[in-house]
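Visitor: what's the 3D shape of this:
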Amino acid sequence: MWRNVLALRQISQRTISTASRRQIENRVPEHQKLFQEDNGLPVYLKGGAKDALLYRTTVVLTMFGTVYCMYHLVVSSMPKKQK
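Guide: Next up is the predicted model:
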């Protein structure tokens, strides 16, 4: 049994260490230029349309949740009618 475990360990180490790695370019300087330029936009909107959509969705969900919470607080504070 131990021989199988050791063989499996050896095979897994070999395949991981000899796997070719995909080279990805460093895009950090591009993002630094984008986010550090002074164009009057807040940082959370400098990413473009996707950031604006995420921001607006977050605002809408937050407002909806606040109103929904207030509604349930008001409903739960009212006494129930006796039948």
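
Visitor: Now do the SS call for the spatially most central residue of the chain.
Guide: With distances taken as C-alpha atoms, centre = their mean, the residue of the chain nearest its centroid is Leu54 (10.5 Å). Secondary structure, DSSP: H, G, I helix; E, B strand; the rest coil: Leu54 is helix.

Visitor: Quick check: it vs Val60, distance?
Guide: Using C-beta to C-beta, to the nearest Å, Leu54 is found at 11 Å from Val60. (Each C-beta comes from the backbone N, C-alpha and C, glycine too.)

Visitor: Mutual contacts of these two, please.
Guide: Common contacts of Leu54 and Val60 (C-beta atoms under 8 Å, 6 or more residues apart in numbering): none found.

Visitor: just so I have it, where are all the strands in this structure?
Guide: Counting by DSSP state E, one finds no strands in the chain.

Visitor: What segments of it are helices?
Guide: 2-17, 28-36, 49-77 (DSSP state H).

Visitor: Just put those in TSV and tack on mean pLDDT and distance to Pro42.
Guide: Converted to TSV, the helices of the chain look like this (pLDDT from 0 to 100; distance: least, C-beta to C-beta, whole Å):
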stretch	mean pLDDT	distance to Pro42
helix 2-17	70	43
helix 28-36	92	11
helix 49-77	96	9
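
Visitor: Make TSV from these and add distance to Lys83 to it.
Guide: What follows is these, written out as TSV (distance: least, C-beta to C-beta, whole Å):
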stretch	distance to Lys83
helix 2-17	69
helix 28-36	62
helix 49-77	18
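
Visitor: what's the closest of those helices to Val43?
Guide: helix 28-36 (6.2 Å; C-beta to C-beta).

Visitor: Residues contacting the closest one, please?
Guide: Val43, Lys46, Gly47.

Visitor: what about 10 Å?
Guide: Helix 28-36 has contacts (C-beta atoms under 10 Å, 6 or more residues apart in numbering) with Arg27, Leu41, Val43, Lys46, Gly47, Gly48.

Visitor: what about Asp51, how many neighbours?
Guide: Neighbours of Asp51 under the rule other C-beta atoms under 10 Å: 15.

Visitor: Tell me who's in contact with it.
Guide: Leu41, Pro42, Val43, Tyr44, Leu45 are the contacts of Asp51 under C-beta under 10 Å, 6+ apart.

Visitor: Done for today, thanks.
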